[in-house]
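>>> how does the following fold in three dimensions:
(chains A and B)
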Amino acid sequence: SQTIHQWPATLVQPVGSPLSLECTVEGTSNPNLYWYRQAAGRGLQLLFYSVGIGQISSEVPQNLSASRPQDRQFILSSKKLLLSDSGFYLCAWSVLWGEATGELFFGEGSRLTVL
Amino acid sequence: GNSVTQMEGPVTLSEEAFLTINCTYTATGYPSLFWYVQYPGEGLQLLLKATKADDKGSNKGFEATYRKETTSFHLEKGSVQVSDSAVYFCALSSGSSYKLIFGSGTRLLVRP
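Numbers count the residues shown, from 1 in each chain, chains lettered A, B, ... in the order given. Below you'll find the predicted structure:
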């Protein structure tokens, strides 16, 4: 069966510090991978998605970047965090082709607080 | 472009009350429609889905029918429980790119 894990689960960082959130998927090959952000009391904002190794699409210009060094690994990074980067970050995957209907499978989430 | 509109919350109900959370969408083509649920401090879980017009998705007592004529996918449950307290997100698929477009979420609070 497929599983998705992201870490760390909770992170408190000072303004201006770097960030690295990691996400890995097991039990599937060639997944689409996604990073979403959920700000407090708000909906989900798609930040990045990737359809293959080294291929990243950015949905919103911002202080963050994403990388996909391996087929089932997706990393969210920042060189210098801003207060506005605080939020709940969710990694997700979906089937690339075939019988897919667009269903996403989410990780447990990483809560980032920037002070 | 494609979009999803949900009723604003919070929705507060007593246990065993009837639940409706409205969702309407704007889309080109024939999207698939989803309801996801997020329990406190957790990621999202798929609750139910419908892939074509007039399909009814159902799970854990929740139901939603894909209404193309009214571009709606309202979530219903006949008798809610305290354990149903969560945030509910309506979403649609965005064609071949497999991006999901989410509504803003509706918080449900069920009181004993």
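>>> looks to me like B:Val110 is in a helix.
No - secondary structure assignment places B:Val110 outside any helix; it is strand (DSSP: H, G, I helix; E, B strand; the rest coil).
>>> show me the contacts for the residue positioned nearest the centre of chain A.
By Cα atoms, centre = their mean, chain A has its centre lying nearest to A:Trp35, at 2.8 Å. Listed by Cβ atoms under 8 Å, 6 or more residues apart in numbering or on different chains, the contact set of A:Trp35 reads A:21, A:23, A:46-49, A:66, A:74, A:76, A:89-91. Every residue, glycine included, has its C-beta placed from N, CA and C.
>>> quick check: which element contains it?
strand A:32-38 (DSSP states H and E).
>>> so does the helix or strand of chain B with the lowest mean pLDDT get close to chain A?
Taking mean pLDDT, DSSP states H and E as the measure, the helix or strand of chain B with the lowest value is strand B:100-102, at a mean of 87. Yes - for strand B:100-102, a contact with chain A is found by Cβ under 8 Å from any Cβ of the partner chain, at B:100, B:102.
>>> would you map the strands across chain A?
With DSSP state E as the criterion, chain A has strands at A:3-7, A:10-13, A:19-26, A:32-38, A:44-52, A:55-58, A:65-70, A:73-78, A:87-94, A:105-106, A:110-114.
>>> mean neighbour count, those strands: which tops it?
strand A:32-38 (a mean of 25; mean count of other Cβ atoms under 10 Å in any protein chain shown).
>>> what is the burial count for B:Ala91?
29 (other Cβ atoms under 10 Å in any protein chain shown).
>>> swap that for B:Lys56, sorry
Around B:Lys56 there are 10 residues (other Cβ under 10 Å).
>>> find the nearest non-adjacent residue to A:Val60, please.
Of all residues not flanking A:Val60 in the chain, A:Leu47 sits nearest, at 6.1 Å (Cβ to Cβ, 6 or more residues apart in numbering or on different chains).
>>> just for chain B, where's the confidence low?
In the predicted model, chain B carries pLDDT under 70 at residues B:94-98.
>>> near the one residue in it that gets nearest to chain A, how many other residues are there?
Nearest to chain A in chain B, going by Cβ to the nearest Cβ, is B:Ser93, at a distance of 2.8 Å. Using other Cβ under 10 Å, B:Ser93 has 26 other residues around it.
>>> doesn't B:Pro31 make contact with it?
Yes - B:Ser93 lies in contact with B:Pro31 (Cβ atoms under 8 Å); the separation is 5.1 Å.
>>> got the strands of chain A as a markdown table, with distance to B:Ser104 and mean pLDDT columns?
Output for those, formatted as a markdown table (distance: least, Cβ to Cβ, whole Å; pLDDT from 0 to 100):
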| stretch | distance to B:Ser104 | mean pLDDT |
| --- | --- | --- |
| strand A:3-7 | 23 | 94 |
| strand A:10-13 | 24 | 96 |
| strand A:19-26 | 23 | 96 |
| strand A:32-38 | 10 | 92 |
| strand A:44-52 | 8 | 90 |
| strand A:55-58 | 22 | 91 |
| strand A:65-70 | 23 | 96 |
| strand A:73-78 | 22 | 97 |
| strand A:87-94 | 14 | 93 |
| strand A:105-106 | 17 | 91 |
| strand A:110-114 | 19 | 95 |
